[in-house]
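> sequence? don't have it. structure:
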C-alpha cells in the first residue's frame, strides 16, 4: 500500500496481529519518469525488498506507540501554553500594563495573583501591587508604575477567559504526567539513568524512551541511533572531497530535545560536555560545537539504554554536598511524577556498571 500522512495506520493496525509488516519509504521505490503504474510499482517493491534496496521506517510496538502519543501530546500542550502566555502579554500591552518588566515569570505566583485580580475587575495599581511577593526584584514604586494603565471592562473579561484556558492546560499536563509515569513505571531504572546525564531530566528521559524504546533494541549500535536521529555529521563525498557535512533529517522530536539538552549541558560548570564544547568552539563555531555535544549525548543515551549502565562525570569531580543536592533534586522530580525513589549511596550498591562519554 502506498500512502501518505496517517492513512496507512488503519491498514497497519488491522494486519499487525496476523503477519510481519514493513513500512518502506516511498523515495526508495521510485519509478522511471512517465512509467507510473500501481501493479508495476508493487512488483518493483517486492524485488527491491528481496535484495534489501528498500529503506524501511522504524515503527515501534503498540506499547511504545502509546508512550509516543502521550509525550507528543504533552509537548503540544507545552507549546500551546507558551502561545497562550504570549497572548496574555499582548493583552497586558493593550492595557498599557508592563508587568513582565518587573516580574521575571509572568505566570509565576505573583504574576498569577495580579492577573486574577485584573480578571475580577481590580484596576487600582496600589492594591494590585500589594499582591506581589516581597522577593520580587523591584521596589514598590516600580511595581505600582508598571501596573498603572488603562484597563477597560472587556479587558478583564478577556483575561478571565485566558486564565481559564491556562488552568485547563495545567490540569491536562498534570494528568498526562501521571499517565506517562504510570505507563513507564516498569522502566524506572532507565528513566533515572537518563535523568542523571547533564542537560537531561526526568521529562527529557521519558520523551527519549518514548521515541527509541526502553532498551533501544532496534538500533544495534550507537552510530545507527545517531544516524536515525540525525545528529551525526553528513558526508557528501565525491572524488575524495567532502562537499557537505550537514546532518541529515532525522527524528524531529529527538533532534529538538538533544539540541536543548546540549545547550543546558555546556552551561554546567566543570562538566565533560562543557570542556568538549570549549575545545570545539574556536574551530567549529557555536552551532556546530553545540551539535557535536548533542551527538555525544545521543551516543551516551544509546549506551545507557542498550547496556543498562550509569553515567560517570569525566569532568570536574563533584563534592559530596553537590552530589547529595543533585540526587535530592532528581528524587523530588521523580516523586512528583509518581515514581517511588530511594536514595542509596553508590558504595553500597554492588556490581553497578557506569557509562563514560
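Yep, it's here. Here the structure is a predicted model, which is why all the values come from computation and not from measurement.
> low pLDDT regions in the stretch 201-350 of the chain?
Flagging of the stretch 201-350 of the chain using pLDDT under 70 yields the residue ranges 315-319, 346-350.
> Tell me the helix or strand right after the host helix or strand of residue 84.
For residue 84, the host element (DSSP states H and E) is helix 62-94. Per DSSP H and E, the first helix or strand lying C-terminal to helix 62-94 is helix 99-102.
> which parts of that following helix are buried?
The neighbour-count check on helix 99-102 (16 or more other Cβ atoms under 10 Å) flags 99-100, 102 as buried. Heads up, the C-betas are built off the backbone N, CA and C, glycines and all.
> Now do the contacts for the most centrally placed residue in the chain.
Central residue check for the chain by Cα atoms, centre = their mean: the C-alpha nearest the mean position is that of residue 257, 4.0 Å away. By Cβ atoms under 8 Å, 6 or more residues apart in numbering, the contact set of residue 257 is 204, 207-208.
> Any chance of a markdown table for those residues, columns secondary structure and neighbour count?
Converted to a markdown table, those look like this (DSSP: H, G, I helix; E, B strand; the rest coil; neighbours: other Cβ atoms under 10 Å):
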| residue | secondary structure | neighbour count |
| --- | --- | --- |
| 204 | helix | 20 |
| 207 | helix | 25 |
| 208 | helix | 29 |
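> what's the distance between residue 216 and residue 256?
19 Å (Cβ to Cβ, to the nearest Å).
> the more surrounded of the two?
Applying other Cβ atoms under 10 Å to residue 216 and residue 256 shows that residue 216 carries more neighbours, namely 22 against 12.
> check contacts around the spatially closest residue to that one that is not a sequence neighbour.
Excluding its sequence neighbours, the residue lying closest to residue 216 (Cβ to Cβ, 6 or more residues apart in numbering) is residue 305, at 4.2 Å. By Cβ under 8 Å, 6+ apart, the residues touching residue 305 are 190, 193-194, 208-209, 212-216.
> Mind checking which of those residues land in helices?
190, 193-194, 208-209, 212 (DSSP state H).
> Name the member of the residues you listed that has the highest neighbour count.
Neighbour counts for the ones in helices among the contacts of residue 305, by other Cβ under 10 Å, peak at residue 208, which reaches 29 neighbours.
> thinking that residue is in contact with residue 195, fair?
No. Counting by Cβ atoms under 8 Å, residue 208 does not reach residue 195; the two are 10.0 Å apart.
> rewinding a little: for the ones in helices among the contacts of residue 305, which one is nearest residue 152?
residue 208 (47.2 Å; Cβ to Cβ).
> I'd like to know how many residues surround the closest residue to residue 183 other than its chain neighbours.
Computed as Cβ to Cβ, 6+ apart, the closest residue to residue 183 that is not its neighbour in sequence is residue 67, at 6.0 Å. Look at residue 67: counted by other Cβ under 10 Å, it has 22 neighbours.
> Kindly report the same for residue 331.
Around residue 331 there are 15 other residues, counting by other Cβ under 10 Å.
> what's the answer for the one 4 residues further on, then?
Number of residues near residue 335 (other Cβ under 10 Å) recorded here: 12.
> any idea which element it lies in?
Applying DSSP H and E, one finds residue 335 within helix 320-336.
> Report the distance from that helix to the chain centre.
Relative to the centre of its chain, helix 320-336 is centred 21 Å away, using Cα atoms, centre = their mean, to the nearest Å.
> So which bits of that helix are buried?
327, 330, 334.
> quick one, helices of the stretch 201-350 of the chain?
202-212, 222-229, 252-265, 272-284, 286-307, 320-336 (DSSP state H, counting those that start in this stretch).
> which of the residues in the shortest one are buried?
By neighbour count with 16+ other Cβ under 10 Å, helix 222-229 contains the buried residues 222, 225-229.
> who touches it?
58, 212, 216, 219, 232, 248, 250-251, 254-255, 258, 295, 298-299, 301-303, 306.
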